[in-house]
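K.L.:
Structure for this input, please:
(one chain, ligands or ions: 2)
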Amino acid sequence: MTDTFTSIPVVDISRLRSADAAERAACARELGSAAREVGFAQVVGHGITPETFDAMLTATTRFFAQSTDDKMSVYIGNSTNHRGYVPAGEEVFAGATPDLKEAYDLSIDLPSDDARYVAGNPLLGPNQWPALDDFAEPVARYYDAVFEVGRHVLRAFALALGESEDAFDRFVTTPPAQLRLIHYPHDDSAHDRPGIGAHTDYEVFTLLRPTAPGLQVLGGDGEWIDVPYREDALVLNTGDLLEIWTGGEFVATSHRVRKVATERYSFPLFFNVDYDTRIEPLPRFAGASEEYGSVVAGDHLFAQTAQSFEYLRRRVAEGAIALPGDARPLYSLGREAARAAHA
Ligand SMILES: O=C(O)CCC(=O)C(=O)O
Ligand SMILES: [Fe+2]
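P.N.:
Residues are numbered from 1 along each chain as shown. Ligands and ions are numbered 1, 2, ... in the order given. Reported below is the predicted structural model:
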């Protein structure tokens, strides 16, 4: 991979919906180059209408404008499958200062009689919807729209990796693919607190729509690069699982949100594969197997989550739940790991 990128490529993914296989393949090559050389791209032509986004944004602003009591009525710590309101300070990255943000986390909305939920799966099951009019419908509509974009991007990555276009489709039936509604309040006094600390994402890839600048990507030379804000783009970045699948050919690039001068919202969809999917370097990257080993997709996400959310750290400390046996420490992959090693 190239270690000297200084800008984020823009890729028009409307071609992924073309009936012409050559068009899809050309777009897939561009996405592959972005994943290989940068780990980030801005994707335009994604097909999500402004109306779909705006309705979800309106619902989100109304949710966060509620009283703390109302928001805490759907506290994530009430759920057994990691859904609901995340107050400021709840999420703490390994020994760092708490992020200055609040969030509402949802994921694939399965019925409460889903056997995996009933059996105590820590990520699968129903959402914890607030009792707020006009919230669940626009949020679920955006989830479905951005998830559909993710399905096309997954196919493009399959092509870019020399697999058949549908090679990974069978791993995506009911994946724990979270959508986070994140609110970074404006706080003049918080001079030296990051909005969100440096990290990689734990899933296959992320499709993120922010409402303002602030996102930064770690460049190969160790400099933080601003991701230019584009209203028409989704920011696409490679996550831990694609790095493992490709034995490091695609890198889960570190990113962070710097303290913002304005109130900011952002909406990452963490596209994932089914909980039980075992992820290890694909046969063509088998040379990297020893370095990368393998993880179970859902266990990896849960293990990382349980090390960074206070309510889960408490449950682990109390012995109420256990980390998966092969849990990796936080940020042992990608550029963040390389950075930590050289710090
Ligand atoms: O708010 C942003 O722009 C980035 C959020 C992010 O990186 C995350 O939630 O993983
Ligand atoms: Fe992230």
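K.L.:
sec struct for the residue lying closest to V86 once chain neighbours are set aside, please.
P.N.:
Sequence neighbours aside, A103 is the residue nearest to V86 in space, at 4.1 Å (criterion: C-beta to C-beta, 6 or more residues apart in numbering). The C-beta positions use only the backbone N, C-alpha and C, and glycine is treated the same way. Secondary structure assignment for A103 (DSSP: H, G, I helix; E, B strand; the rest coil): strand.
K.L.:
Then K71?
P.N.:
Quick answer, by three-state DSSP: K71 is helix.
K.L.:
picking up where we left off before, next up, the contacts around the residue nearest to V86.
P.N.:
A103 sits next to 85-86, 91, 180-183 when contact means C-beta atoms under 8 Å, 6 or more residues apart in numbering.
K.L.:
Filter these down to the buried ones.
P.N.:
Burial by neighbour count, judged by 16 or more other C-beta atoms under 10 Å, picks out 85-86, 91, 180-183 from the contacts of A103.
K.L.:
which residues of this structure fall in strands?
P.N.:
For the chain, applying DSSP state E gives strands covering 10-12, 40-44, 84-86, 102-106, 179-184, 196-199, 205-210, 215-218, 224-226, 234-238, 255-257, 264-271, 278-279, 295-296.
K.L.:
Could you check how far the first one is from the centre of its chain?
P.N.:
Relative to the chain's own centre, strand 10-12 is displaced by 19 Å; criterion: C-alpha atoms, centre = their mean, to the nearest Å.
K.L.:
which outside residues touch it?
P.N.:
So strand 10-12 is in contact with 27, 30-31, 34, 41-45, 230, 233, 236, going by C-beta under 8 Å, 6+ apart.
K.L.:
Which pair of these spans the longest distance?
P.N.:
C27 and R230 (17.9 Å; C-beta to C-beta).
K.L.:
Pick out whichever of those two has more residues nearby.
P.N.:
Neighbour tally, C27 and R230, criterion other C-beta atoms under 10 Å: the higher count belongs to C27, 25 against 16.
K.L.:
quick one: the more buried one from V139, how far?
P.N.:
Per C-beta to C-beta, to the nearest Å, C27 is found 29 Å from V139.
K.L.:
Check L181 too.
P.N.:
7 Å.
K.L.:
Which neighbours do those two have in common?
P.N.:
Listed as contacting both L181 and V139 by C-beta under 8 Å, 6+ apart are 56, 60, 106.
K.L.:
before we move on, back to that, return the members of the contacts of strand 10-12 classed as buried.
P.N.:
27, 30-31, 34, 41-43, 230, 233, 236.
K.L.:
Run through the bridge partners of the closest residue to ligand 1 within the stretch 151-300 of the chain.
P.N.:
Using C-beta to the nearest ligand atom, the closest approach of the stretch 151-300 of the chain to ligand 1 is made by S266 at 3.3 Å. Note on S266: beta-bridge partners by DSSP bridges are I182, P210.
K.L.:
Might you report the residue contacts of it?
P.N.:
182, 184, 208-211, 214-215, 257.
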